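Asks: here is a sequence together with a model predicted from it:
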Amino acid sequence: MSIDVRTRIEADVEFIDPVEFFGDELPRLGIDRGVLAAPGARELDVEPFSIVTPAGAWTLALVGEVVTVTPGDQGTAAVRCSVIDVSDVLNDLKTPMTFVAGGTLDMVRGNLGDFLDWWVVLRSLIDAVPVHTSGSIKFRDLRGDPLDLGRSFTPDDDDSDIAHFLAEAGFLHLRGWYSPDVMSEIANDIDDALPSYARDDGHSWWARTADGQDRCVRLQDFDEHSIATTQLVDGDEIARVAALSGDGHLIPGGSNRVEALVKPVGVVEGISDVPWHKDCSLGMHSFRCNSLTIGVSVTGADARSGQLRVVPGSHRTLVQPAFVRREWGLPIQDLSTEVGDMTVHCSCMLHMAQPPMDRERKVLYTGVRLPQLDDGGNSDGASIISLVREGAYNKVSQQPGHVASMDLSNNDT
Ligand SMILES: O=C(O)CCC(=O)C(=O)O
Ligand SMILES: [Fe+2]
């Protein structure tokens with residue numbers, strides 16, 4: 001079952017002039033497509049929102065089934081953006097989260113949540129997709145019965161069942177796909193490789209812990225340090241996951257095929273346990289989704305040792321690319337794993353890593369992506385995202401996770 005939802009190619013990216021867009025195009029879209037955005041926007045309780053740029057300011061508002069655009073800054077909330085940033089957001093090269101991760105978010109009034117809500121409305125109007133409404137997502141198995149979201153799959157399960165679950169739920173828990181012996185070899189390789197990484201070397205992320213240590217929490221290009229890991233990414237299991245959707249997902253290639261993550265207890269600065277996000281949250285959803293992120297559970301993980309949590313269905317409905325909102329009415333699934341299990345998630349599925357409390361966790365991440373549709377054109381979207389992503393651990397910090405839940409929105413519990 002296809003999970004390819006791409007609607008853009010990079011060759012088509014062109015500068016969008018905010019004066020033309022907000023003066024002419026958006027008012028038209030707001031009338032023609034307001035009906036797509038209005039029901040979901042009402043559930044989010046959106047209030048008038050202004051976008052302030054050097055070329056002018058505009059205020060967006062929901063009036064009945066229409067999104068209106070008025071010149072000037074009259075919004076309850078407002079964001080200040082450069083003209084280029086506005087163009088990049090409209091082209092789906094950046095999202096509000098790109099500014100958060102880059103440390104450049106400039107809210108004049110209101111908060112990030114307001115910007116994210118209006119980002120959803122803008123995407124709806126531009127891409128002709130309804131804003132998510134509560135109850136609109138159902139989960140069915142191949143026979144049409146309610147899907148058991150707690151289901152995991154062993155290597156003996158049927159690929160058509162696994163592929164259906166992936167398309168429907170947006171994630172997989174694959175149980176017992178690797179031997180504990182291989183996992184302990186990889187755990188040792190991680191320990192052995194750590195001394196060859198240094199803060200700001202361009203291949204690693206770092207975090208400080210409450211006991212004053214500066215810890216390497218993400219080792220990129222880790223396959224270069226581990227024969228067992230190279231064999232794993234080149235192995236049958238990853239190829240089998242890549243083939244599930246029939247979309248031609250490419251097995252890991254190029255640079256940084258594997259990242260090894262070490263999750264210390266008590267992080268107080270930097271990013272080790274990424275809060276609720278989609279992997280497309282920094283932009284380019286419509287150019288890339290869905291690629292698949294594959295986690296290999298080297299040490300196992302549960303509620304007290306850094307498990308992954310996911311929002312099933314969030315990959316097939318238009319929601320904010322970060323934080324969980326109660327208004328969505330979507331479930332949350334905890335993916336507790338044993339040594340040698342895999343997790344797989346779609347790039348536009350919302351997920352988070354729970355900060356470990358009892359013991360450290362080790363996990364490998366690799367991924368399979370969709371084959372490129374063009375030669376990349378003139379867009380530098382991919383390099384913008386990669387720059388922001390790699391600099392983020394020095395610019396933003398997760399909330400201290402050893403004391404409480406990581407959920408920054410305080411909305412999911
Ligand atoms: O820490 C984890 O297990 C997940 C990390 C993650 O979601 C990411 O790097 O995008
Ligand atoms: Fe992620």
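Replies: Perfect, thanks for sending it. This is a predicted model, so every value here is computed, not measured. Numbers count the residues shown, from 1 in each chain. Ligands and ions are numbered 1, 2, ... in the order given.
Asks: can you pull out the helices in the stretch 101-250 of the chain?
Replies: According to DSSP state H, counting those that start in this stretch, the stretch 101-250 of the chain carries its helices in the segments 112-127, 159-169, 180-193, 227-233, 236-243.
Asks: which residue packs closest to Ile137, ignoring adjacent ones?
Replies: The spatially closest residue to Ile137, leaving aside those adjacent along the chain, is Gly313, at 4.0 Å (C-beta to C-beta, 6 or more residues apart in numbering). Yep, even glycine has a C-beta here, placed from its N, CA and C like the rest.
Asks: around ligand 1, which positions in the stretch 201-350 of the chain sit nearby?
Replies: Remark: the part of the stretch 201-350 of the chain in contact with ligand 1 comprises Leu261, Asp273, Val274, Asp279, Leu308, using C-beta under 6 Å from any ligand atom.
Asks: so what's the second one up against?
Replies: So the one you mean is Asp273. Applying C-beta atoms under 8 Å, 6 or more residues apart in numbering, we find Asp273 in contact with Lys263, Val267, Gly306, Met352, Ala353, Gln354, Pro355, Pro356, Gln398, Gly401, Met406.
Asks: over to the last one?
Replies: For Leu308, the set of contacting residues under the criterion of C-beta under 8 Å, 6+ apart consists of Gly295, Ala301, Asp334, Leu335, Thr337, Thr343, His345, His351, Met352, Ala353, Gln354.
Asks: picking that back up, just name the most buried of the helices of the stretch 101-250 of the chain.
Replies: For the helices of the stretch 101-250 of the chain, average neighbour numbers computed from mean count of other C-beta atoms under 10 Å are highest in helix 112-127, which has a mean of 22.
Asks: helices and strands around that one, which ones?
Replies: helix 26-32, helix 34-43, strand 49-53, strand 56-63, strand 77-80, helix 83-90, helix 96-102 (3 or more C-beta pairs under 8 Å, 6 or more residues apart in numbering; DSSP states H and E).
Asks: just the CA atoms of it, as CSV, please.
Replies: Extracted C-alpha coordinates of helix 112-127, given in CSV (Å, rounded to 0.1, in the frame of the first residue of the first chain):
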residue,chain,number,x,y,z
LEU,A,112,4.4,29.4,18.8
GLY,A,113,1.1,27.5,19.1
ASP,A,114,-0.8,30.3,17.3
PHE,A,115,1.8,30.3,14.5
LEU,A,116,1.5,26.5,14.2
ASP,A,117,-2.3,26.6,14.0
TRP,A,118,-2.2,29.2,11.3
TRP,A,119,0.5,27.2,9.5
VAL,A,120,-2.0,24.4,9.3
VAL,A,121,-4.7,26.7,7.9
LEU,A,122,-2.2,28.1,5.3
ARG,A,123,-1.2,24.6,4.2
SER,A,124,-4.8,23.6,3.9
LEU,A,125,-5.6,26.6,1.6
ILE,A,126,-2.4,26.3,-0.5
ASP,A,127,-2.4,22.5,-0.8
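Asks: report the distance from it to the chain centre.
Replies: Using C-alpha atoms, centre = their mean, to the nearest Å, we find the averaged C-alpha position of helix 112-127 to lie 16 Å away from the chain's own average C-alpha position.
Asks: what of stretch 235-253?
Replies: So, by C-alpha atoms, centre = their mean, the centroid of stretch 235-253 is 20 Å from its chain's centroid.
Asks: rewinding a little: same list (the helices and strands packed on helix 112-127) but as CSV, adding distance to ligand 1.
Replies: Output for the helices and strands packed on helix 112-127, formatted as CSV (distance: least, C-beta to the nearest ligand atom, whole Å):
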stretch, distance to ligand 1
helix 26-32, 32
helix 34-43, 25
strand 49-53, 28
strand 56-63, 30
strand 77-80, 25
helix 83-90, 21
helix 96-102, 11
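Asks: just put the ones you listed in JSON lines and tack on mean pLDDT.
Replies: Written out in JSON lines, the entries for these read as follows (pLDDT from 0 to 100):
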{"stretch": "helix 26-32", "mean pLDDT": "98"}
{"stretch": "helix 34-43", "mean pLDDT": "98"}
{"stretch": "strand 49-53", "mean pLDDT": "98"}
{"stretch": "strand 56-63", "mean pLDDT": "98"}
{"stretch": "strand 77-80", "mean pLDDT": "98"}
{"stretch": "helix 83-90", "mean pLDDT": "96"}
{"stretch": "helix 96-102", "mean pLDDT": "94"}
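Asks: quick check, pLDDT for the residue nearest to Val182 when sequence neighbours are not counted.
Replies: In space, Val182 comes closest to Ala228 once its chain neighbours are excluded; the distance is 5.6 Å by C-beta to C-beta, 6+ apart. Note on Ala228: pLDDT of 98.
Asks: contacting residues around Ala41?
Replies: Neighbours of Ala41 in contact, by C-beta under 8 Å, 6+ apart: Leu62, Val67, Asp117, Val120, Val121, Ser124, Val131.
Asks: for this protein, which residue gets nearest to ligand 1?
Replies: Shortest the chain-to-ligand 1 distance, computed as C-beta to the nearest ligand atom: residue-wise this is Ala353, at 3.1 Å.
Asks: check the residue nearest to that residue when sequence neighbours are not counted and give its pLDDT.
Replies: Nearest non-adjacent residue to Ala353, counting by C-beta to C-beta, 6+ apart: Asp273, 4.3 Å away. At Asp273, the model reports a pLDDT of 92.
Asks: now Asp273: which helix or strand?
Replies: When secondary structure is defined by DSSP states H and E, Asp273 falls outside every helix and strand.
Asks: now do Ile294
Replies: Taking DSSP H and E as the criterion, the element that holds Ile294 is strand 292-297.
Asks: packing partners for that strand?
Replies: If you count contacts as 3+ C-beta pairs under 8 Å, 6+ apart, strand 292-297 packs onto helix 180-193, helix 236-243, strand 342-346, strand 361-368.
Asks: for it, which strands pair with it and how are they oriented?
Replies: Partners of strand 292-297 in the sheet, by DSSP bridges, are strand 342-346 (antiparallel), strand 361-368 (antiparallel).
Asks: okay, and the beta partners of Arg361?
Replies: For Arg361, the residues forming beta bridges with it (DSSP bridges) are Lys263.
Asks: for Ile3, see how far away it is.
Replies: Taking C-beta to C-beta, to the nearest Å as the measure, Arg361 and Ile3 are separated by 27 Å.
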